[in-house]
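Peer 1: Give me coordinates for this.
(2 chains)
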Amino acid sequence: GAVVSQHPSRVICKSGTSVKIECRSLDFQATTMFWYRQFPKKSLMLMATSNEGSKATYEQGVEKDKFLINHASLTLSTLTVTSAHPEDSSFYICSDLRLAEPQETQYFGPGTRLLVL
Amino acid sequence: GIQVEQSPPDLILQEGANSTLRCNFSDSVNNLQWFHQNPWGQLINLFYIPSGTKQNGRLSATTVATERYSLLYISSSQTTDSGVYFCAVRRMDSSYKLIFGSGTRLLVRP
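Peer 2: Numbers count the residues shown, from 1 in each chain, chains lettered A, B, ... in the order given. The predicted structure follows:
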């Protein structure tokens, strides 16, 4: 079964509003989670690393004030798209990092489809 | 930064056929993984294979780290194999960030 969940699975919002996406690690206490963005028929692009109890680290070119990340507990990271615009429409995917497995592993959530009108 | 290229970009197979997908990377890596993204967008881990060969049912993978490439073999393909196959690498630094290739979009026809 799923080990990482995301909510909502899809959301439609009006331009200018903010949208919060939740990513939950269901069976693991994840100190590190990742947020990715995927455009249609494109690859996954890493947006930021979410660190429990500290600030997220953002990849070059990703606006931290636009994409707010909070990782307040070991099982939950949230991504808030602030003042969303149509160009923010995309598929957002999170993952959790597990180092205790036989090898390092990231399990991915099912993704959230955001459409900004 | 490190470049990850996959080929072919698109592949159409008849059910039962075999195929080989390739992943080239431009620098030494700590880790290489293969993923399958199903038509609903869910990413599924297939292989963790920084070097050597592994097999899991009809799928197998080989990574030749010294030559900076990895191959994913799909035998006796089924319609449920359709989707996008990504390889992803982790750089030789202390982070655990994955860099994804461009993907191979596979369609298996009945």
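Peer 1: right, and A:V62 touches A:A56 too?
Peer 2: No. Contact status for A:V62 versus A:A56: not in contact, 9.7 Å apart, counting by Cβ atoms under 8 Å. C-beta here means a position set from N, CA and C on the backbone, and glycine is covered the same way.
Peer 1: Mutual contacts of those two, please.
Peer 2: A:A48 (Cβ atoms under 8 Å, 6 or more residues apart in numbering or on different chains).
Peer 1: So which of the two has more stuff around it?
Peer 2: Neighbour comparison, A:V62 and A:A56: the larger count goes to A:A56, with 21 against 17 (by other Cβ atoms under 10 Å in any protein chain shown).
Peer 1: wait, that one sits on A:K64?
Peer 2: Yes. Contact criterion Cβ under 8 Å: A:A56 and A:K64 qualify, at 7.3 Å.
Peer 1: Give me the neighbour count for A:D88.
Peer 2: Neighbour count of A:D88, defined by other Cβ under 10 Å: 19.
Peer 1: residues in contact with it?
Peer 2: A:66, A:81, A:114, A:116.
Peer 1: how about 10 Å then?
Peer 2: For A:D88, the contacting residues are A:13, A:15, A:19, A:37, A:66-67, A:81-82, A:114-116, by Cβ atoms under 10 Å, 6 or more residues apart in numbering or on different chains.
Peer 1: where's the nearest residue to B:V89 once chain neighbours are set aside relative to chain A, distance?
Peer 2: Spatially, and ignoring its direct neighbours in sequence, B:V89 is nearest to B:V29 (4.2 Å; Cβ to Cβ, 6 or more residues apart in numbering or on different chains). Separation of B:V29 from chain A (Cβ to the nearest Cβ, to the nearest Å) stands at 13 Å.
Peer 1: repeat for B:W40
Peer 2: 7 Å.
Peer 1: hey, where'd the helices end up in chain A?
Peer 2: For chain A, applying DSSP state H gives no helices.
Peer 1: Show me where it has its strands.
Peer 2: A:4-7, A:10-13, A:19-25, A:32-38, A:44-51, A:57-58, A:67-73, A:76-81, A:90-98, A:105-108, A:112-116 (DSSP state E).
Peer 1: who touches the last one?
Peer 2: Strand A:112-116 is touched from outside by A:6-17, A:19, A:21-23, A:37-38, A:79, A:81, A:83-94, B:41, with contacts defined as Cβ under 10 Å, 6+ apart.
Peer 1: Can you add mean neighbour count and mean pLDDT and give the strands of chain A back as a markdown table?
Peer 2: Putting those into a markdown table (neighbours: other Cβ atoms under 10 Å in any protein chain shown; pLDDT from 0 to 100) gives the following:
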| stretch | mean neighbour count | mean pLDDT |
| --- | --- | --- |
| strand A:4-7 | 18 | 96 |
| strand A:10-13 | 14 | 97 |
| strand A:19-25 | 20 | 97 |
| strand A:32-38 | 23 | 96 |
| strand A:44-51 | 21 | 94 |
| strand A:57-58 | 16 | 95 |
| strand A:67-73 | 17 | 92 |
| strand A:76-81 | 21 | 96 |
| strand A:90-98 | 23 | 95 |
| strand A:105-108 | 23 | 90 |
| strand A:112-116 | 18 | 97 |
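Peer 1: Could you point out which of the ones you listed sits nearest B:K54?
Peer 2: For these, distance to B:K54 was read as Cβ to Cβ. The smallest value, 14.4 Å, belongs to strand A:105-108.
Peer 1: how far out from the middle of the chain is that closest one?
Peer 2: For strand A:105-108, the separation from the chain centroid amounts to 13 Å (computed by Cα atoms, centre = their mean, to the nearest Å).
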